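Undergrad: Got a predicted model here, sequence first, then my questions.
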Amino acid sequence: MPSTLERIAKTYDVKTSGDWLAEAQSGRHTIAVICTPASLHVEMARQALAAGLHVLIEKPLSHSLAGIDALLTARDHSERQVALAYVYHTFPVLREAGAFIAENRFGPILHGVATSGQAFHRLRPAYAKTYYRDRRMGGGAIQDALTHAANWIESVLGPTESVLCDCAHLALPEVDVEDTVIVSARHARDLCSYSLNQFQAPNESYLQFNAAGGSVRIELHRQRWGTFTPDSSDWDWRPAAPVVQDGHFITQANAFLDQVEGRAAPLCSLEAGIQTLRFNLAALASANSGTRVACATIS
C-alpha cells in the first residue's frame, strides 16, 4: 500500500518499491525477507530463490502444503540459504534451557507442558484489521501464537507424530477465528500438552519438561529457567539475559546473515518449518473433525 511504503521510507530512511519481484530480479539485492500473508509465502520464496536471493520467511511457512515440494527443489537447485523466522530460537532463556535438556542429565524427557496467554487485542490493537482475522493469512491462535511453542518444542522433543486439538473463539473482539486452543500431542517417546488463549489479562508463558530424574521449567515472562530433582525442596532458578524490545528480531536477522555467510546453521531450517506447518494443519484438521490426526497424513 502506498501509505505503508511512505511510512516505512520515512521511518527507516530507506528506498521502497511497490514491485517486489522486479526488485528481487534487479540484481541489487542478496536477501529477501518475506513477511507477507501466509498464503503468499511459498510462491514468493520460490521466486526469490529463482532470482538468486537467500530467503528468510516469516512464520508460519504457509496455510497449506501446496507448493512445498517445489520450494524444496528450488532451494536445493539454487544453492541459496533459507530459514524460517521462528523467533523463540533467539531467546536466551530458551537457548540455555534447551542446551541443558540436550545434556540428558535427568534422562529422556517423557512429558512436556506449554501454557501461555496474553491480552492480544491490547498488545497489538491492529490485529483484527491485518492478518489475524483470516487463517489463510496466518491468523488464529494456532498459526499465530501456538505455532511458536510447537516449533521450539519440536526442536527439543523431535517431530510431533499426532495431535488431538480443540479450539474455539471465546472472547477476542472483532474476529471469529479461534482465540483459545488445547492440544494433546504425541511424539515418538513422549507426550506434550498445550494450553493457550489470547485474551487473558496477564502476559505469561510457561514450558515444563519432565523426566524420571527431574524436571526443567521455563518462564518466558520472567526470563528464567529452573530445575527440580527428586531431592529438591524448591525450584533452582537460573535467570537469563533479558530480551529487550525488538532485540530478538535483530538477533534473528544477524543469525540469518551468519547463515548466509556460512558461519552458522539456521536457527530454524526449512525442513523444521515444514514439520511445524504439518503440526498447524493437523491441529486445525483435528479441531474440525474431533479426532486425533497424524501429522504425516496431512496433504
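TA: It's in.
Undergrad: and the spatially closest residue to Leu53 that is not a sequence neighbour, how far is that from Gln252?
TA: In space, and not counting its chain neighbours, Leu53 is closest to Ala32: 4.5 Å by CB to CB, 6 or more residues apart in numbering. C-beta: built from backbone N, CA, C; applies to glycine. Remark: distance between Ala32 and Gln252 (CB to CB, to the nearest Å) = 15 Å.
Undergrad: Alpha carbons of the lengthiest helix in the chain, as PDB, please.
TA: Of all the segments of type helix in the chain, defined by DSSP state H, the longest one is helix 270-289. C-alpha atoms of helix 270-289 as PDB (Å, rounded to 0.1, in the frame of the first residue of the first chain):
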ATOM      1  CA  LEU A 270      13.100 -25.000   6.000                       C
ATOM      2  CA  GLU A 271      12.500 -28.700   6.900                       C
ATOM      3  CA  ALA A 272      11.700 -27.800  10.500                       C
ATOM      4  CA  GLY A 273       9.300 -25.100   9.300                       C
ATOM      5  CA  ILE A 274       7.600 -27.700   7.100                       C
ATOM      6  CA  GLN A 275       7.300 -30.000  10.100                       C
ATOM      7  CA  THR A 276       5.700 -27.300  12.200                       C
ATOM      8  CA  LEU A 277       3.400 -26.500   9.300                       C
ATOM      9  CA  ARG A 278       2.200 -30.100   9.500                       C
ATOM     10  CA  PHE A 279       1.600 -29.600  13.200                       C
ATOM     11  CA  ASN A 280      -0.500 -26.500  12.500                       C
ATOM     12  CA  LEU A 281      -2.500 -28.200   9.800                       C
ATOM     13  CA  ALA A 282      -3.000 -31.400  11.800                       C
ATOM     14  CA  ALA A 283      -4.200 -29.300  14.800                       C
ATOM     15  CA  LEU A 284      -6.800 -27.400  12.600                       C
ATOM     16  CA  ALA A 285      -7.900 -30.700  11.000                       C
ATOM     17  CA  SER A 286      -8.300 -32.300  14.400                       C
ATOM     18  CA  ALA A 287     -10.300 -29.400  15.700                       C
ATOM     19  CA  ASN A 288     -12.600 -29.700  12.700                       C
ATOM     20  CA  SER A 289     -13.100 -33.400  12.900                       C
END
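Undergrad: Now Glu204: phi and psi?
TA: Its backbone dihedrals place Glu204 at phi -140, psi 140, with angles given as degrees, to the nearest 10.
Undergrad: residues touching the residue nearest to Leu53, list them.
TA: Ala32 makes contact with Trp20, Ala24, Met44, Ala45, Ala48, Ala51, Leu53, His54, Val55, Leu56 under the criterion CB atoms under 8 Å, 6 or more residues apart in numbering.
Undergrad: I figured the fifth one hits Glu23, correct?
TA: No - between Ala48 and Glu23 there is no contact, the gap being 10.0 Å when judged by CB atoms under 8 Å.
Undergrad: okay, the two: which has more neighbours?
TA: In this view Ala48 and Glu23 are compared by other CB atoms under 10 Å, and Ala48 has more residues nearby, 28 against 18.
Undergrad: nearest residue to that one other than its sequence neighbours?
TA: Once flanking residues are discounted, Ala48 sits nearest to Ala32: 4.0 Å by CB to CB, 6+ apart.
Undergrad: returning to that earlier point: on the three-state scheme, the residue nearest to Leu53 is what?
TA: Recorded secondary structure, Ala32: strand (DSSP: H, G, I helix; E, B strand; the rest coil).
Undergrad: and it, how far is that from Thr11?
TA: Taking CB to CB as the measure, Ala32 and Thr11 are separated by 20 Å.
Undergrad: and if you look at Ala294?
TA: For Ala294, the distance to Thr11 equals 46 Å [CB to CB].
Undergrad: Which one's more surrounded, those two?
TA: Neighbours were tallied for Ala294 and for Thr11 using other CB under 10 Å; the higher tally belongs to Ala294 (15 against 8).
Undergrad: I'd assumed Glu161 was in contact with that one.
TA: Yes - proximity of Ala294 to Glu161 meets the contact threshold set by CB under 8 Å, at 6.5 Å.
Undergrad: and the nearest residue to Leu157 once chain neighbours are set aside, what is it in contact with?
TA: Nearest residue to Leu157, sequence neighbours excluded (CB to CB, 6+ apart): His187, at 4.8 Å. Neighbouring residues of His187 by CB under 8 Å, 6+ apart: Leu157, Gly158, Pro159, Thr160, Glu161.
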